[in-house]
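K.L.:
Sequence first, predicted model second:
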Amino acid sequence: MNKPEAISVAAQAQAMIIPVEAFVSKDYARAEADKLWRKVWLQAGRIEDIPESGNYITYEIGDDSVLILRKQDGAIAAYRNVCTHRGRRLVDTPKGQRNARGSAPRFTCGFHAWTFELDGTASYIERPEEWGGALCDEVTRLGGVKVDTWGGFVWINLDPEAGPLREFLEPAATTLDPFRLQDMRPRWRYWTQFECNWKVALEAFNETYHVAGTHPEMMAFGEYVGWGQRQGLHSNIGYDAADGVEENKSKLRLGAGDPRTSTAEMQKYIWDGVNTNTTKTLVDVAQRLPTELPEGTPPGEVVRHWLETAKKEDAARGVVWPEIDPSHVAASGTAWQIFPNQQIGHAVNNMLCYQARPVDADPDRCYFEVAVYQLWADGEAPETEWTYLAPDDFPHILRQDFSNMAAVQKGMKMAGYPGNIPNPKNEGAVISLHQSLAAYMGTGAPIPLATPVKGAGA
Ligand code: FES
Ligand SMILES: [Fe+2]
């Protein structure tokens, strides 16, 4: 059994006001390119998308595009996706797609046919002698980009001086390692665009304070009293739960009232309504709780029976959940916000991931991505691709979340609006994001709410 390090629990954040500059300022959005996106490790894809030599994907962030591929020796490499001759983008993203993905033994530029091998060297240049001997490998090879892997994800960093990925990710990496995210494969993955800042999109998912207001029908199934706390550059969120029901602090949790029937109903509602953070096995086993367990079974026993039965039934068909101490599952919470722009909603057999990126350097537009991963039996994982879905075509629970995006972006621009005042307990991850952002951007730090803010109440 994995016995990870204890997770340090940060003190609850103090009440803060977050200036709106980071959401609405064009100058701030432009500055993000150099100060943020070109400095941090960014989750750029999944390892399983490039299993064989010659397989490649691209990742785009602002003006930058990175070509990520599997070399002949099996290692993953990342290059600036630009031809070293006269700057043509080497691999184009097909119109309407999120990124390029394919397989090629080498890459030929569409402009003057310079050709690059998987190791980045230029292997064909027309009439190189006409440069008078000035062309050497150092000048012609593709520019390297730092690349590493963790959790089954490929991460890139555009800063040649960047420190190690692992260091950047802690304490998230050590906390999430036991969940073996690298063994999961997507059930589906969609991307879309919103008329809001990328932070507005992410912040709609890093707290449960919005459930009563945005998803009122979900209040019938459970309580959504939670916390969010800073963890290094990152943060995590989770639910409060009674002592002795550690399992109920996790992503896979019981419904309120009679937990046998409400869990059955909640699981069915999630599966049919949004198809996110559960699996078919968990849903099926939950449907049997009211018949398999007598009325009045204590919640702790219901959740244990549910998870143990699902785990056994999965194991019987070759889907083996990792063994993780329930106290670690509880302390890890329900989701991690990996600075700056990814959220991993982790569970022992599935994860729900969100990511957001700006469209160009426009503070008012972003790309938003949702992917659900789970453990599969050998050969059962479906072939998936990033698929565009218009916001209105998403399942209705997500549409409820999406309905706030542009409205928040508009609202924050109102003259005299002093800034956001997140709930320091439940929305601690919102405060944490802006603390980390301010460290990179040099501006926009949350201000203790007790300090009078210029313009407040004006
Ligand atoms: S720009 Fe690529 S070959 Fe000329
Ligand atoms: Fe929501």
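P.N.:
Nice, thanks for sending it over. Numbering: from 1, shown residues only. Ligands and ions are numbered 1, 2, ... in the order given.
K.L.:
Would you mind naming the helix or strand containing Phe205?
P.N.:
Assigned by DSSP states H and E, Phe205 belongs to no helix or strand.
K.L.:
Cross-check the contact I'm expecting between it and Asp401.
P.N.:
Yes: applying CB atoms under 8 Å as the test, Phe205 and Asp401 come out as touching, 6.9 Å apart. All C-beta spots, glycine's among them, are computed from the backbone N, C-alpha and C.
K.L.:
And the pLDDT at the nearest residue to Pro290 once chain neighbours are set aside?
P.N.:
Nearest residue to Pro290, sequence neighbours excluded (CB to CB, 6 or more residues apart in numbering): Arg260, at 4.6 Å. Arg260 is assigned 93 on the pLDDT scale.
K.L.:
Pull the contacting residues for Arg260.
P.N.:
Arg260 makes contacts with Leu289, Pro290, Leu293, Glu295, Thr297, Val302, as judged by CB atoms under 8 Å, 6 or more residues apart in numbering.
K.L.:
Name the helix or strand for it, please.
P.N.:
helix 259-273.
K.L.:
and after that helix, which helix or strand comes next?
P.N.:
Per DSSP H and E, the first helix or strand lying C-terminal to helix 259-273 is helix 280-292.
K.L.:
List the buried residues for that following helix?
P.N.:
Thr281, Leu282, Val283, Val285, Ala286, Leu289, Pro290 (16 or more other CB atoms under 10 Å).
K.L.:
Relative to Leu307, how far out is the second one?
P.N.:
Summarising the geometry, the distance separating Leu282 from Leu307, computed by CB to CB, to the nearest Å, is 8 Å.
K.L.:
intersection of neighbour lists for the two?
P.N.:
Common contacts of Leu282 and Leu307 (CB under 8 Å, 6+ apart): Leu252.
K.L.:
Show me the helices in the chain, by range?
P.N.:
Here the chain has its helices, by DSSP state H, at 21-24, 26-32, 137-140, 165-169, 172-176, 198-203, 211-214, 259-273, 280-292, 299-316, 326-332, 396-402, 405-411, 428-441.
K.L.:
And for the third one, what's in contact with it?
P.N.:
The set of residues that contact helix 137-140 without belonging to it, under CB under 8 Å, 6+ apart, is Thr84, His85, Trp114, Thr121, Ala122, Ile125.
K.L.:
Which of the residues you listed fall in strands?
P.N.:
Residues of the contacts of helix 137-140 located in strands (DSSP state E): Ala122.
K.L.:
Just put the contacts of helix 137-140 in TSV and tack on pLDDT, distance to Gly144 and neighbour count.
P.N.:
Formatted as TSV, the contacts of helix 137-140 follow (pLDDT from 0 to 100; distance: CB to CB, whole Å; neighbours: other CB atoms under 10 Å):
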residue	pLDDT	distance to Gly144	neighbour count
Thr84	98	12	21
His85	98	17	17
Trp114	98	17	21
Thr121	98	12	13
Ala122	98	14	22
Ile125	98	19	17
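K.L.:
filter the contacts of helix 137-140 by proximity to ligand 1?
P.N.:
Contacts with ligand 1 within the contacts of helix 137-140, as defined by CB under 6 Å from any ligand atom: His85, Trp114.
K.L.:
just curious, which of the contacts of helix 137-140 is nearest to Ile17?
P.N.:
Ile17 lies nearest to Thr84 out of the contacts of helix 137-140, by CB to CB, at 47.7 Å.
K.L.:
So which residues on the chain come close to ligand 1?
P.N.:
Contact residues, the chain versus ligand 1 (CB under 6 Å from any ligand atom): Cys83, His85, Arg86, Arg88, Cys109, Phe111, His112, Ala113, Trp114.
K.L.:
contacting residues for the third one?
P.N.:
In this case it means Arg86. Arg86 neighbours (CB under 8 Å, 6+ apart): Phe111, His112.
K.L.:
go on, the fifth one?
P.N.:
Taking CB under 8 Å, 6+ apart as the definition of contact, the neighbours of Cys109 are Cys83, His85, Arg88, Leu90, Thr115, Phe116.
K.L.:
Taking those residues, tell me the two that lie furthest apart.
P.N.:
The most widely separated members of these, counting by CB to CB, are Arg88 and Thr115 (12.8 Å).
K.L.:
Retrieve the pLDDT associated with the residue of the stretch 301-450 of the chain found nearest ligand 1.
P.N.:
Nearest to ligand 1 in the stretch 301-450 of the chain, going by CB to the nearest ligand atom, is Asp360, at a distance of 22.8 Å. Per-residue confidence (pLDDT) for Asp360: 95.
K.L.:
Can you get me a residue count around it?
P.N.:
10 (other CB atoms under 10 Å).
K.L.:
One more: Leu135?
P.N.:
Neighbour count for Leu135, taken as other CB under 10 Å: 16.
K.L.:
quick one: it from Thr115, how far?
P.N.:
The gap separating Leu135 from Thr115 is 14 Å, by CB to CB.
K.L.:
swap in His215?
P.N.:
Per CB to CB, His215 is found 53 Å from Thr115.
K.L.:
Which one's more surrounded, those two?
P.N.:
Taking other CB under 10 Å, His215 and Thr115 do not tie; His215 has more neighbours (19 against 15).
K.L.:
Hmm, the more buried one is touching Leu398, no?
P.N.:
No: counting by CB under 8 Å, His215 stays clear of Leu398, with 10.0 Å between them.
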